[in-house]
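output the structure for:
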Amino acid sequence: GAVLAFQDATARLKQREIEQEVQTALRIQVSLYPKQVPQIAGFDFASFCQPCSKACGDYYDFIPWGNDCLGIAVGDVSGHGLGPAVEMVATRAVLRTLTQRESAPHECLNQLNRILSEDLPDDMFVTLFLASLNTRDRTLSYAAAGHEAVLLRANGDLCPLKSTGTILGMQKTAVFGCGQSVTLQTGDLLLIATDGLAESTSPDRKLFGQARIIQVLRQHQAESASQILHALMSACDEFRQSQPSRDDVTAVAIKLVE
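Numbers count the residues shown, from 1 in each chain. The predicted structure is shown next:
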């Protein structure tokens, strides 16, 4: 009985230590997310991040990127939990370093891919959408690794911003192209989200899907960026009903307001 009691106490202490380490890792990770969205005249920014476990494999960032330019990154490390969260922190650090040396999103992805291909475990990869927003002339250039975004124009036209290359970390020699540069106008809405949003499932195993995302964006396009994200997440929660989220969900919305 004494031996069993000792083993039980040891197991509980070990579990408590593990939980404390996870909490420490989570605090570090959360501290690396942007403290607030950018405050730039003519632009309305909003962001949302909801982990499905204690630690998150999703990533978003706003990065000062030269004169009048802002880097916008949204990424997703495969899987969820502590392991992907650690890799997310490493990806953030490397990408921030690369933006200090490179001015083009696709060049950053080319170098990031070579680094991740050497460092990531064989069963892990990263998807990433990286944009450079010129806040002076309102142009957006981007590159994307297995990740897409959507631009909803003020007149209702839909402009998908497609992936320009494969996922990061799987093929060291992969080359990433530069997506077509777009000029933004008042009323335009850009949404960059991880696949946890579109792949949220209902109790009957249907996907929330891209069509529902677009529908919500159209219904709330006249509202602020934060209101649009709130409406989107509320619609997703209602769709899932009591189903827990199976993946991290992260989204960044940018609306031009004047």
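
roughly how far apart are P244 and S224?
For P244, the distance to S224 equals 29 Å [Cβ to Cβ, to the nearest Å]. (Each C-beta comes from the backbone N, C-alpha and C, glycine too.)

so between those two, which is more surrounded?
The neighbour comparison of P244 against S224 (other Cβ atoms under 10 Å) goes to S224, with 14 against 7.

tell me how far the more buried one lies from L256.
For S224, the distance to L256 (Cβ to Cβ) stands at 12 Å.

with D119 instead?
From D119 across to L256, the span is 37 Å (Cβ to Cβ).

got it, and V86?
Distance from V86 to L256, counting by Cβ to Cβ: 36 Å.

what's the answer for R101, then?
Distance of R101 to L256, computed by Cβ to Cβ: 29 Å.

same check, this time on G146
27 Å.

any weak-confidence spans in the stretch 101-250 of the chain?
Of all residues in the stretch 101-250 of the chain, none has pLDDT under 70.

can you give me the strands in it?
126-134, 139-145, 149-152, 158-161, 182-183, 189-193, 249-256 (DSSP state E, counting those that start in this stretch).

now those strands as CSV including mean neighbour count and distance to P105?
As requested, the strands of the stretch 101-250 of the chain are exported to CSV (neighbours: other Cβ atoms under 10 Å; distance: least, Cβ to Cβ, whole Å):
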stretch, mean neighbour count, distance to P105
strand 126-134, 25, 4
strand 139-145, 23, 4
strand 149-152, 20, 12
strand 158-161, 14, 11
strand 182-183, 14, 13
strand 189-193, 25, 13
strand 249-256, 24, 15
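
of those strands, which is nearest R16?
Closest approach to R16 among the strands of the stretch 101-250 of the chain is made by strand 249-256 (29.3 Å; Cβ to Cβ).

any idea of the angle the closest one forms with strand 139-145?
160 degrees (axes from the mean of the first three to the mean of the last three Cα atoms, to 10 degrees).

on contacts alone, who are the packing partners of strand 249-256?
Applying 3 or more Cβ pairs under 8 Å, 6 or more residues apart in numbering; DSSP states H and E, we find strand 249-256 packed against strand 43-50, strand 58-64, strand 69-77, strand 189-193, helix 195-198, helix 225-240.

so F43 sits against K255, correct?
Yes: F43 is in contact with K255 according to Cβ atoms under 8 Å; the separation is 7.4 Å.

rewinding a little: what's the overlap in contacts for S224 and L256?
Both S224 and L256 are contacted by D44, under the criterion Cβ atoms under 8 Å, 6 or more residues apart in numbering.

centroid-nearest residue for this protein?
Using Cα atoms, centre = their mean, the residue of the chain that lies closest to the mean C-alpha position is V74, 3.2 Å off.

residues contacting Q185?
Q185 sits next to R138, R153, A154, L256 when contact means Cβ under 8 Å, 6+ apart.

hmm, I was thinking of R136
Contacts of R136 were listed using Cβ under 8 Å, 6+ apart, and they are D68.

and the gap between it and L70?
With distances taken as Cβ to Cβ, R136 is found 11 Å from L70.

how about T173?
Counting by Cβ to Cβ, the gap from T173 to L70 is 30 Å.

so those two - more neighbours on which side?
L70 (20 against 8).

model confidence at the more buried one, what's the number?
On pLDDT, L70 comes in at 97.

how about the contacts made by the residue found closest to it once you drop the neighbours it is linked to in the chain?
Distances taken as Cβ to Cβ, 6 or more residues apart in numbering place L133 nearest to L70, at 4.7 Å, with adjacent residues excluded. Residues near L133 by Cβ under 8 Å, 6+ apart: C69, L70, G71, I72, T139, L140, I254.
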